[in-house]
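Asker: Below are the sequence and a predicted model; questions follow.
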Amino acid sequence: MGTSVQVTPLSGAYGEGPLCYLLAVDGFRFLLDCGWTDLCDTSQLQPLAKVAPTIDAVLLSHPDMMHLGALPYAMKHLGLSAPVYATEPVFRLGLLTMYDHFLSRWQVSDFDLFTLDDVDAAFQNVVRLKYSQNYILNDKGEGIVIAPHVAGHLLGGTVWKITKDGEDVVYAVDFNHRKEMHLNGTVLGSFVRPAVLITDAYNALNNQGYRKKQDQDFIDSLVKVLASGGSVLLPVDTAGRVLELLLILDKYWGDRRLEYPIYFLTNVSTSTIDYVKSFLEWMGDQIAKSFESSRANAFLLKKVTLIINKEELEKLGGTPKVVLASMASLEVGFSHGIFVEMANEARNLVLFTEKGQFGTLARMLQVDPPPKAVKVTMSKRIPLVGDELKAYEEEQERIKKEEAIKASLVKEEELKASHGPNAKASEPMVIDASSSRKSAKAGSHFGGNNDIFIDGFVPPSTSVAPMFPFFENTAEWDDFGEVINPDDYTMKQEEMDSTLMLGPGDGLDGKIDDGSARLLLDSAPSKVISNEITVQVKCSLVYMDFEGRSDGRSVKSVIAHVAPLKLVLVHGSAEATEHLKMHCSKNLDSHVYAPQIEETIDVTSDLCAYKVQLSEKLMSNIICKKV
């Protein structure tokens, strides 16, 4: 019997929903990705809720909403508490993606599914691994080795290899075999005959043209609009495919000496680029070589301005410009508001570089033919004034009083409990607030021990006299003085990382851009006002594929080259999944599976591998010979 392997899709099977899969290897349960859409619909997470408390480890493959968006919610509400494994860029950029998503939601709604603290808590214990680093699991996962490998598609993107007893399970979704401006292609082609390959059918029906021509068409379409006096909106993700777009724009603007302004607008745009500048070793060979030879960092963007609010754009008015704004779905974020402003001008262009998530405004606009008018909800957060502010303050005062009463009752209970059976013998002194304040002032001269009162002290009958706590110094001494433990004075790596990440102050400064931090730290009471408007869509709408995934032809050839013993297809429309399943069944010497959501399939290897343990008696009688 080989290593027991079962796969259960929890989301993202026979459809383009977020990616989330349960993989059990000899009873050790991996959660492969933990995605959510920009709509944040909790009903999508019901299959995950059933298994979340039983998960032993979470493996993240890419730093975007579709791969890790549900992680903070699952850890707060669904009982997910397993360690999380990811590469450094997936950890950092995933964190920023979740910050941006929360801030975008919070600015237009009373968003309460998770907070920034929940995001921090979810990412706090992420174990960061380097590419090709073998990480040996212990305890329940003893004998299992996990290793991340280059996937392409997004910075830090990972193909996970899970090995047990010499058999490999490979999880490879959203990989890209092509070399790009900032990323190398995937190394998936170097794997040969794994026991199980779990991959996606997302692009099985799509075929792409040459990259150079694609880049040229992209720039030409932008310049044409800008030259005619229009502006261009590119709805993008926070820290994923947008990095490739920024490099393309920066390069062509420099080559052609174009002067039209380019803006990158998210709540965390400056933090994103600051982090990315330090991730050169995770990028393509070309970027690393140019840095080694000339110390030129590709992400010192010369033609792109990073902004974190719309004020800069409003100053420009109708000047032709290119704006890359989050979110790509147009549901929330800066892109939502800018789309509403730009949509009714025929000379403007909204250029989509990725397929919109199902049920979002972006997906609605990408249908053919696009709608002439769409209904959108415009919301904004405004400070409370007048009667509303007064009512809010009164409510807060009432809540504070209730909490104070509760706290004093708890304190009294504790005091009674601490006196135990001698409570009657020595009633505790009742000290009013004024006398305690006087005592506090008096005691401040004597080391500030304000909670010790000698007057009225009745010692229990069992004690000899009132005693103060006394701790004997048992430190060791040598010829040079007290022996110290260096570990007490060295900061652990994780603590250093979290300190660096938090920076000074409230812990928000180092992670979120100043403007966003100010917005959050502004504790002035506020409310959200919303109104539904109909937007006349007169601007041009264009879709160009810059998703950075292997196309159908390439996916088929990569799978044929890897030639797994068993193939599991997930994440793709029903047509794409069936098409790839049919193709692989005909052309591969593999068992091909395409499970539905919550359908568990057993892909245990047919190889007969047995573990044999020799007894001490037998081992001692063996005569070993060198061969």
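Answerer: Sure, I can see it.
Asker: make it CA atoms for all contacts and neighbour counts henceforth
Answerer: OK.
Asker: to the chain's geometric centre, what's the distance from the longest helix along the chain?
Answerer: Ordering each helix of the chain by length in residues (DSSP state H) puts helix 386-419 first. Taking CA atoms, centre = their mean, to the nearest Å, one finds the center of helix 386-419 at 37 Å from the center of the full chain.
Asker: ditto for stretch 481-491
Answerer: That offset, for stretch 481-491, works out to 37 Å (CA atoms, centre = their mean).
Asker: Over to stretch 29-40?
Answerer: Its chain's C-alpha centre lies 10 Å from the corresponding centre of stretch 29-40 when counted by CA atoms, centre = their mean.
Asker: For it, the averaged confidence score.
Answerer: When pLDDT is averaged over stretch 29-40, the result is 95.
Asker: contacting residues around that stretch?
Answerer: 17-24, 44, 54-61, 65-71, 171, 329, 331-332, 357, 360 (CA atoms under 8 Å, 6 or more residues apart in numbering).
Asker: In helices, which of these fall?
Answerer: With DSSP H as the criterion, helices contain Met65, Met66, His67, Leu68, Leu71 from among the contacts of stretch 29-40.
Asker: so Tyr14 touches Leu580, yeah?
Answerer: No: shown here, Tyr14 and Leu580 do not form a contact pair, counting by CA atoms under 8 Å, at 11.8 Å.
Asker: Not counting sequence-adjacent ones, nearest residue to Thr163?
Answerer: Leaving aside its chain neighbours, Thr163 sits nearest to Val145 (5.1 Å; criterion: CA to CA, 6 or more residues apart in numbering).
Asker: Provide a list of residues in contact with the one you found.
Answerer: Counting by CA under 8 Å, 6+ apart, Val145 makes contact with Asn134, Tyr135, Ile136, Leu137, Ile162, Thr163, Lys164.
Asker: need the strands for the stretch 1-150 of the chain, in chain order.
Answerer: For the stretch 1-150 of the chain, strands defined by DSSP state E, counting those that start in this stretch occupy the ranges 5-11, 20-25, 28-32, 57-59, 84-87, 126-129, 135-136, 144-150.
Asker: what would the ones you listed look like in CSV with distance to Val537?
Answerer: Output for the strands of the stretch 1-150 of the chain, formatted as CSV (distance: least, CA to CA, whole Å):
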stretch, distance to Val537
strand 5-11, 33
strand 20-25, 35
strand 28-32, 39
strand 57-59, 41
strand 84-87, 41
strand 126-129, 44
strand 135-136, 52
strand 144-150, 41
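Asker: From the centroid of this structure, which residue is nearest?
Answerer: Central residue of the chain (CA atoms, centre = their mean): Gly94, 3.1 Å from the mean position.
Asker: quick one, what contacts it?
Answerer: His62, Pro63, Asp64, Leu68, Ala239.
Asker: Share the number of residues neighbouring Glu142, please.
Answerer: Other residues near Glu142 come to 11 when the count uses other CA atoms under 10 Å.
Asker: again, but for the one 4 residues further on
Answerer: When counting by other CA under 10 Å, one arrives at 21 neighbours for Ile146.
Asker: what bridges to it?
Answerer: Note on Ile146: beta-bridge partners by DSSP bridges are Tyr135, Ile162.
Asker: For it, list the residues it contacts.
Answerer: Asn134, Tyr135, Ile136, Leu137, Trp160, Lys161, Ile162, Thr163.
Asker: Next one: the fifth one from His571, what distance?
Answerer: Okay, so that is Trp160. To His571, Trp160 is 16 Å away according to CA to CA, to the nearest Å.
Asker: for the second one, same thing?
Answerer: Tyr135 sits 27 Å away from His571, going by CA to CA.
Asker: of those two, who's got more company?
Answerer: Counted by other CA under 10 Å, Tyr135 and His571 do not tie: His571 has more neighbours, with 26 against 15.
Asker: Wait, that one touches Pro9, no?
Answerer: No: His571 is not in contact with Pro9 according to CA under 8 Å; the separation is 9.1 Å.
Asker: how many other residues sit next to Ser620?
Answerer: For Ser620, the neighbour count with other CA under 10 Å is 9.
Asker: Wasn't it part of a helix?
Answerer: Yes: judged by DSSP: H, G, I helix; E, B strand; the rest coil, Ser620 forms part of a helix.
Asker: is it possible to export the ones in helices among the contacts of stretch 29-40 to TSV including neighbour count and distance to Thr377?
Answerer: Formatted as TSV, the ones in helices among the contacts of stretch 29-40 follow (neighbours: other CA atoms under 10 Å; distance: CA to CA, whole Å):
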residue	neighbour count	distance to Thr377
Met65	24	22
Met66	21	24
His67	23	27
Leu68	28	27
Leu71	25	27
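Asker: farthest-separated two in those residues?
Answerer: Using CA to CA, the ones in helices among the contacts of stretch 29-40 reach their maximum pairwise distance at Met66 and Leu71, which is 10.7 Å.
Asker: Going toward the C-terminus from the worst-scoring helix or strand of the chain on mean pLDDT, what's the next helix or strand?
Answerer: When the helices and strands of the chain are compared on mean pLDDT, DSSP states H and E, helix 433-443 comes out lowest with a mean of 41. Using DSSP states H and E, the helix or strand that directly follows helix 433-443 along the chain is strand 477-478.
Asker: and that following strand, what's its mean pLDDT?
Answerer: Per-residue scores along strand 477-478 average to 84.
Asker: what pLDDT, on average, does the next helix or strand after it get?
Answerer: Remark: after strand 477-478, the chain's next helix or strand is strand 481-482, criterion DSSP H and E. Averaged over strand 481-482, pLDDT sits at 84.
Asker: and if you look at stretch 143-155?
Answerer: 95.
Asker: just how off-centre is it within its chain?
Answerer: Taking mean C-alpha positions (CA atoms, centre = their mean), stretch 143-155 and its chain are 16 Å apart.
Asker: Could you list the buried residues of it?
Answerer: Across stretch 143-155, burial judged by 16 or more other CA atoms under 10 Å covers Ile144, Val145, Ile146, Ala147, Pro148, His149, Val150, Ala151, Gly152, His153, Leu154, Leu155.
Asker: Helix or strand: which one has the closest residue to the fifth one other than its chain neighbours?
Answerer: Translated: Pro148. Among residues not flanking Pro148 along the chain, Trp160 sits closest, at 4.8 Å (CA to CA, 6+ apart). Assigned by DSSP H and E, Trp160 falls within strand 158-164.
Asker: any low-confidence regions in the stretch 301-450 of the chain?
Answerer: For the stretch 301-450 of the chain, applying pLDDT under 70 flags the ranges 419-450.
Asker: do you know how far the residue nearest to the centre of the chain is from Ala404?
Answerer: Distance, Gly94 to Ala404, by CA to CA: 39 Å.
Asker: wait, Met364 sits on Pro370?
Answerer: Yes: here Met364 reaches Pro370: they are 7.4 Å apart, a contact under CA under 8 Å.
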